[in-house]
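Visitor: need coordinates for the following:
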Amino acid sequence: MQTAQRISNFRESVIRMMTRLAIEHNAINLSQGFPDFDTPLALKEAAVKAIMEGNNQYSPTWGYTPLREKLAELYTSYLGWQLDPNQHVTVTCGVTEAMNSAMLAVLNPGDEIIIVEPAHENYIPSAIFAGATPVAVPIEAPDYRLDPERLAAAVTPRTRALVLNTPHNPSGRVFDAEELTGVADVVTSNDLVLITDEIYDHILYDGRQHVFPGALESLRDRTITVSGLSKTYAITGWRLGYVVAPTQLSAAVRPVHDFLTVCAPTPLQVAAVAALDFPQDYYDSMLADYHQRRDMTMDILRKVGFTAPAPEGAYYVLADYTDVPIPQAAWDSMRFAVWMVEEMGIAVVPGTVFYSVPGYGDRSVRFAFPKRFDTLRAAGEHLQRML
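Guide: Model prediction:
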């Protein structure tokens, strides 16, 4: 019996595999990017209320109307053009479905899509589902700066789109105005569609502000903005993402979403409206805690011998282990990560997962730090055993 050829071009998620290994070995899970602290009480209460008040059937395919209206209001401010919730906003089952919908909407079989690496492992399968060829353009450690000339050199007559993730997972970069201008030049001069992944747009450090690529005037008509509520509100299991796009691109995304998932979970969409009405104090407190988590994680890793730039955004550290004083520092990243979970009791993600270009990520692993402070302290105690 034969299966689809496309399935042979990618594997099951290594990130989720590391979570399964963490459970199997009772290890501290610093692999998959979900919090081990609780969702805000007000949001849980809103979800319970939504269920008890009968919001348990299909919602409009494009999303619960008050949620779309709130998102349209916010993104009108963010992007600088007037969004219509009935045309320009689509609520999806997480960012993963949003990215799949976006690529299926704009890519034809035989097209190429440029993916900046290191990149989340979901992007390549999304391109393959659409019958397109992913073309990797690596950004170099330790600075991880975007090089517009490198991007431009990757464009061919078959190139249709470019994926940009900022704040960036796993490097922690927040691409600056100069870098985004370079991206805009490549996109516009080659008539490409820009697909952004901005799920960490509220998690930035040291006073940085998120720059929405779709707010650049040259990109307004050719950007599909993808984001969600999972990370900001510690609700990764709710699977609430969304797509914001101008009329033509939105009209292409919507029927794909319609036939992929029909609609996102109705009671959780209803509850999400409460999250978007949280006061500024919530965001200030969240950021203060994430600054502490970042600093604690960097301190732990540096004491052991890992090297990495401090994240500018998101909640990951892609750390090089070459200088850790253990024999295993010579191992490739997959072998090292498995050893970490089995012997050190800490689950991480091998760096090679984030690259398709050979030779990249070979001596690095990703640590996720959206964890309780007690969890991070315990991880530090485990890592001290390497010394």
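Visitor: those strands in the stretch 201-350 of the chain, which residues are they?
Guide: 223-228, 241-244, 316-320, 346-347, 349-350 (DSSP state E, counting those that start in this stretch).
Visitor: got the contact list for the second one?
Guide: The contact list for strand 241-244, computed with Cβ atoms under 8 Å, 6 or more residues apart in numbering, reads 63, 71, 75, 79, 83, 88-98, 101-102, 199, 214, 224-230, 250, 253, 257, 264. Any C-beta I mention is one placed from the backbone N, CA and C, and that applies to glycine too.
Visitor: ok, which of the strands of the stretch 201-350 of the chain comes nearest Asn9?
Guide: The stretch from the strands of the stretch 201-350 of the chain with the least distance to Asn9 (Cβ to Cβ) is strand 349-350; that distance is 19.4 Å.
Visitor: just checking, what packs against the helix or strand that the closest one is followed by?
Guide: Secondary structure here is assigned by DSSP states H and E; on that basis, the next helix or strand after strand 349-350 toward the C-terminus is strand 364-368. Judged by 3 or more Cβ pairs under 8 Å, 6 or more residues apart in numbering; DSSP states H and E, strand 364-368 is in contact with strand 316-320, helix 333-339, strand 349-350.
Visitor: neighbouring contacts of strand 364-368?
Guide: Applying Cβ under 8 Å, 6+ apart, the set of residues contacting strand 364-368 from outside is 30-34, 141, 170, 297, 301, 315-321, 333, 336-337, 340, 348-351, 353-354.
Visitor: 6 Å instead?
Guide: Under the contact criterion Cβ atoms under 6 Å, 6 or more residues apart in numbering, strand 364-368 has outside partners 30, 33, 170, 316-318, 320, 333, 337, 348-351.
Visitor: taking those together, which two end up most distant?
Guide: Gly33 and Asp320 (19.6 Å).
Visitor: check the offset of stretch 72-86 from the chain's centre.
Guide: Computed by Cα atoms, centre = their mean, to the nearest Å, the chain-centroid distance of stretch 72-86 equals 22 Å.
Visitor: buried ones in it, by neighbour count?
Guide: Residues of stretch 72-86 classed as buried: Ala72, Tyr75, Thr76, Tyr78, Leu79, Leu83, Pro85 (neighbour count, 16 or more other Cβ atoms under 10 Å).
Visitor: and these, which of them are in helices?
Guide: Mapping those onto helices (DSSP state H) picks out Ala72, Tyr75, Thr76, Tyr78, Leu79.
Visitor: ok, and the most crowded of the contacts of strand 364-368?
Guide: Neighbour counts for those, by other Cβ atoms under 10 Å, peak at Val349, which reaches 31 neighbours.
Visitor: look up the closest residue to it, ignoring the ones flanking it.
Guide: Arg366 (4.2 Å; Cβ to Cβ, 6 or more residues apart in numbering).
Visitor: so that neighbour versus Glu342, what's the distance?
Guide: Arg366 is 18 Å from Glu342, where distance means Cβ to Cβ, to the nearest Å.
Visitor: all the helices of the protein, in order from the start?
Guide: In the chain, helices defined by DSSP H lie at 14-24, 41-52, 65-79, 94-106, 123-129, 148-154, 177-189, 247-261, 266-276, 280-304, 333-339, 373-383, listed in chain order.
Visitor: just these: most buried one?
Guide: helix 94-106 (a mean of 25; mean count of other Cβ atoms under 10 Å).
Visitor: could you chop the chain up by domain?
Guide: The domain map for the chain lists 5-32+280-386, 41-276, with the assignment taken from automatic domain parsing.
Visitor: including mean pLDDT, could those domains go into a markdown table?
Guide: Converted to a markdown table, those look like this (pLDDT from 0 to 100):
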| stretch | mean pLDDT |
| --- | --- |
| domain 5-32+280-386 | 96 |
| domain 41-276 | 97 |
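Visitor: and stretch 339-354, how far from the chain's centre?
Guide: What separates the centre of stretch 339-354 from the centre of its chain is 19 Å, taken as Cα atoms, centre = their mean.
Visitor: okay, Arg366 and Glu342: which has more neighbours?
Guide: Taking neighbours as other Cβ under 10 Å, Arg366 and Glu342 compare with Arg366 leading, 28 against 13.
Visitor: could you measure that one against Met18, distance?
Guide: From Arg366 over to Met18 the distance is 10 Å, taken as Cβ to Cβ.
Visitor: now list whatever residues contact both of the two.
Guide: Here Arg366 and Met18 have Val349 as joint contacts, going by Cβ under 6 Å, 6+ apart.
Visitor: ok, what's across the strand from Arg366?
Guide: Counting by DSSP bridges, Arg366 forms beta bridges with Leu318, Val349.
Visitor: that one and Val14, how far apart?
Guide: 10 Å.
Visitor: please apply the same query to Val365.
Guide: Noted for Val365: a distance of 11 Å to Val14, by Cβ to Cβ.
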